[in-house]
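>>> Quick check, what structure comes out for this input:
(chains A and B)
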Protein chains: 2
Amino acid sequence: MVNLGLIGLGTVGKGLYSIVNNEYGGAYRFEKLCDVRGDLLSTVEKHNTGFTQSYNEILGANGKLDVIVELIDNALDSSQIAKQILRNGKKLVTANKKMIAENLSALISLQQQFGGKLCYEGAVCGCIPIIRVLEEFYQHVQINSLEMICNGTTNFILSQIFRQGLSYKEALAEATRLGFVESNPLLDLAGYDSKNKLVILLAHAFGIIEKPENIYNAGIQNLTDADIQVARGHNMKIKLIAKAVKHAGTIQAFVMPSYIKASHQLYGIENEYNAVVVDSENYGIQCYTGKGAGSIPTATVVASDIESITKGYRYKYHKLNDSTALDNDAHIRVYARIPKDSVLSGMPWVDIHHALSLEDADIYIGTIALKELLARPVDSDDKSFIALFDED
Amino acid sequence: MVNLGLIGLGTVGKGLYSIVNNEYGGAYRFEKLCDVRGDLLSTVEKHNTGFTQSYNEILGANGKLDVIVELIDNALDSSQIAKQILRNGKKLVTANKKMIAENLSALISLQQQFGGKLCYEGAVCGCIPIIRVLEEFYQHVQINSLEMICNGTTNFILSQIFRQGLSYKEALAEATRLGFVESNPLLDLAGYDSKNKLVILLAHAFGIIEKPENIYNAGIQNLTDADIQVARGHNMKIKLIAKAVKHAGTIQAFVMPSYIKASHQLYGIENEYNAVVVDSENYGIQCYTGKGAGSIPTATVVASDIESITKGYRYKYHKLNDSTALDNDAHIRVYARIPKDSVLSGMPWVDIHHALSLEDADIYIGTIALKELLARPVDSDDKSFIALFDED
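Got it, this is the predicted structure:
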């Protein structure tokens, strides 16, 4: 019998509770449940599950718990919980991408120092087992590039625009109505969520541990009909893509809306689906597609992490010694619509392929250094739209 | 240091030899190499690798070998080798789908009885890690259906037909010219190879161990322009698909050319690419795409099997006690073009949706029981073409 502690009874937590109790044949039991909200369970349930509103009680009960599962939203609490559990040399499963992305270096060190274990398959692309695949099947294989759609909210909005003909505003309203938009919408819309997932995969695929703030992200929050028309005119779609490409031994990594053609592997990935395309020396191109969110899909992959970590499974981060580094000096080809009065006007283009002056904005297609974009983040108060426009 | 024995120095065997020696950092060495062809290596190489032309020498050297890798074509020799190694309680990695499909029950029993281990990720869909994913991530998840393109030769031919506009004969000639067609072409063309792969996945996905002869396969060997025109007229493509669908607790499984629309997940899988679509209760639809053949992709996944089996990994066949069975009484909807004088004329249709009498053949779209098809195999001397025509 494996004793579990579970912190966080939100959508995924509740799904996990039900899956483990109903589908795992009694091999696992929840010894202690914790949620800051005290009204989620009946009195009987609370009693039967050792319910507590304080996660310190779970941390204190460490000795009785074989695996602790943390499924809360708050990245700060999540990081304190994770570090404490790993300092105790215990086993932790989480799906908190923001917490992992921001603390990856420390989380790896703590595992090495105290012998604890940490698995987080549910943190990237929902139920697609991409971390495990990278760990087990790409261990000795040089990866050339990684491209993914890993945010369901933005992909739903873009599907509404390009398949249903909605405007960005209408599509955003529809996503909001369906509960797909978080209390801070920019986390999804501006690409921060996608970037956190990219940061995690950079570690497993290339051995790069990088702070999220050193990686450029642009999003779809300022998308207008003009930008959409450019895609339609070229028979393209716009997708929010997280990308890492190896070039001359360094890695260019970023999250950007991307104009892609029908021949692109990610062109047909719609709505709540996520996909990862891995191009490598030995395997060539592989593509993994599946649901990127949802209570049951994510909870099921968390349950499989629990099972693996119980049996001693751990990530090896095989590529950590590869001494590959990020290269923000690299040039990429972008589409940029920049209002006349924008802080982004006067960007240091390396090469302008196409320029068009509208009444209220300038449109460019050209080449620019990633570091120049990184120095000029598109914030919510700006109206600029920057996207990858790579016709190859 | 892990000592390896390798039987078979064909395309995949040579790739493996090079990958392990060059990319595995000296942790593995080939203690003994074997191939019936004596002229593959130089005298020095032969001496350095304990080369032998008799696989009995490898079996006799069992005690010195930690893992034996068998990569020969001959399924009969392969099964004798596999059974002997497992009887000795040793570790075996192979990619011989025909051997595994025909001997799966015995291979599982021998592992249980003598404690040996057997891995064969390279046997199904080349370098797509589908067996491992089913074992590790679908252990507690009910699978509703499995659909795959798992034969590169037929997929190349069909891509030539539907993307380049070639006739079946022209496409077959092109595939032959490029060396994609085996000495017995019907193994690929008539769906036997795909069926062997389906038989293997049936065990991991549904716990069904079934002899290949109890599963219906039709192929593309009799494909004509008339059949191709039907697809074009419906904006469809024909793909050779291996399929298993759960219905009311039983499984319908078969390999058939299939008329599919652009909305089908497998529509865009072309040439040497394979893909598996898994539809399950908890995860919904997942799709895994990658190269289905080739020396380096397959050898690389064989190498990862060697690494895993060395560390004690074994398949659990979690679903074996699920008591799911095949149902050949089930009805499916097919397109059939049957020459007037064919042994297939007068098929017991349950329902005929569409019938057309041509000069030399009758064309039907209708419903028929799988067992009726199984009783009437389309052999090479017949000219009939049977395909799944499921417009849903």
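>>> Now do the same contact list for A:Ala205.
Going by CB atoms under 8 Å, 6 or more residues apart in numbering or on different chains, A:Ala205 touches A:Leu134, A:Tyr138, A:Ile143, A:Leu146, A:Ala244, A:Val278, A:Lys319. The C-beta positions use only the backbone N, C-alpha and C, and glycine is treated the same way.
>>> Check the first one and give its pLDDT.
A:Leu134 carries a pLDDT score of 98 in this model.
>>> For it, what is the enclosing helix or strand?
Using DSSP states H and E, A:Leu134 sits within helix A:130-137.
>>> ok so A:Ile251 is a strand residue?
Yes - judged by DSSP: H, G, I helix; E, B strand; the rest coil, A:Ile251 forms part of a strand.
>>> That one touches A:Asp322, doesn't it?
No - if you go by CB atoms under 8 Å, A:Ile251 and A:Asp322 don't touch, sitting 10.3 Å apart.
>>> of those two, who's got more company?
A:Ile251 (22 against 12; other CB atoms under 10 Å in any protein chain shown).
>>> what pairs with that one across the strands?
Here A:Ile251 shows beta-bridge partners A:Lys246, A:Leu326, assigned using DSSP bridges.
>>> That one and B:Val277, how far apart?
Distance, A:Ile251 to B:Val277, by CB to CB, to the nearest Å: 31 Å.
>>> Helix, strand, or coil at A:Ile285?
Recorded secondary structure, A:Ile285: strand (three-state DSSP).
>>> and chain A, which residues reach chain B?
A:19, A:23-24, A:127-129, A:132-133, A:136-137, A:139-141, A:268, A:273, A:282-291, A:294, A:296-297, A:300-301, A:303-304, A:307-308 (CB under 8 Å from any CB of the partner chain).
>>> Can you pick out the ones from those residues that are in helices?
Those of the residues of chain A next to chain B mapping onto helices are A:19, A:23, A:132-133, A:136-137, A:296-297, A:300-301, A:303-304, A:307-308, per DSSP state H.
>>> could you give the angle of the helix or strand following the helix holding A:Leu134 to helix A:130-137?
Counting by DSSP H and E, the element after helix A:130-137 in chain order, helix or strand, is strand A:143-149. With axes from the mean of the first three to the mean of the last three CA atoms, to 10 degrees applied, the angle from strand A:143-149 to helix A:130-137 works out at 160 degrees.
>>> Going by neighbour count, which residues in stretch A:72-85 are buried?
Using 16 or more other CB atoms under 10 Å in any protein chain shown as the burial criterion, the residues of stretch A:72-85 that qualify are A:Ile72, A:Ala75, A:Asp77, A:Ser78, A:Ser79, A:Ile81, A:Ala82, A:Lys83, A:Gln84, A:Ile85.
>>> Distance check, A:Arg29 against chain B.
15 Å (CB to the nearest CB, to the nearest Å).
>>> Would you agree A:Gly292 is in contact with A:Gly152?
Yes - assessed by CB under 8 Å, A:Gly292 is found in contact with A:Gly152 at 4.5 Å.
>>> And for the longest helix along chain A, what's in contact with it?
As assigned by DSSP H, the longest helix anywhere in chain A is helix A:97-114. Contacts of helix A:97-114 with the rest of the structure, by CB under 8 Å, 6+ apart, involve A:75, A:78-79, A:82-83, A:86-89, A:94, A:116-118, A:120, A:123-124, A:193, A:195-197, A:199-200, A:203, A:209, A:211-212, A:314, A:317, A:320.
>>> Filter these down to the buried ones.
Counted by 16+ other CB under 10 Å, the contacts of helix A:97-114 give A:75, A:78-79, A:82-83, A:86, A:88, A:94, A:116-118, A:120, A:123-124, A:193, A:195-197, A:199-200, A:203, A:209, A:212, A:317 as buried.
>>> Looking at these, which are in helices?
Counting by DSSP H, the buried ones among the contacts of helix A:97-114 contribute A:75, A:78-79, A:82-83, A:86, A:193, A:195-197, A:199-200, A:203 to helices.
>>> got the residues you listed as a markdown table, with distance to A:Ser42 and pLDDT columns?
Below are those laid out as a markdown table (distance: CB to CB, whole Å; pLDDT from 0 to 100):
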| residue | distance to A:Ser42 | pLDDT |
| --- | --- | --- |
| A:Ala75 | 30 | 90 |
| A:Ser78 | 27 | 96 |
| A:Ser79 | 32 | 97 |
| A:Ala82 | 30 | 97 |
| A:Lys83 | 33 | 97 |
| A:Leu86 | 33 | 97 |
| A:Asp193 | 34 | 97 |
| A:Lys195 | 40 | 98 |
| A:Asn196 | 35 | 98 |
| A:Lys197 | 36 | 98 |
| A:Val199 | 40 | 98 |
| A:Ile200 | 37 | 98 |
| A:Ala203 | 42 | 98 |
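>>> That'll do, ta.
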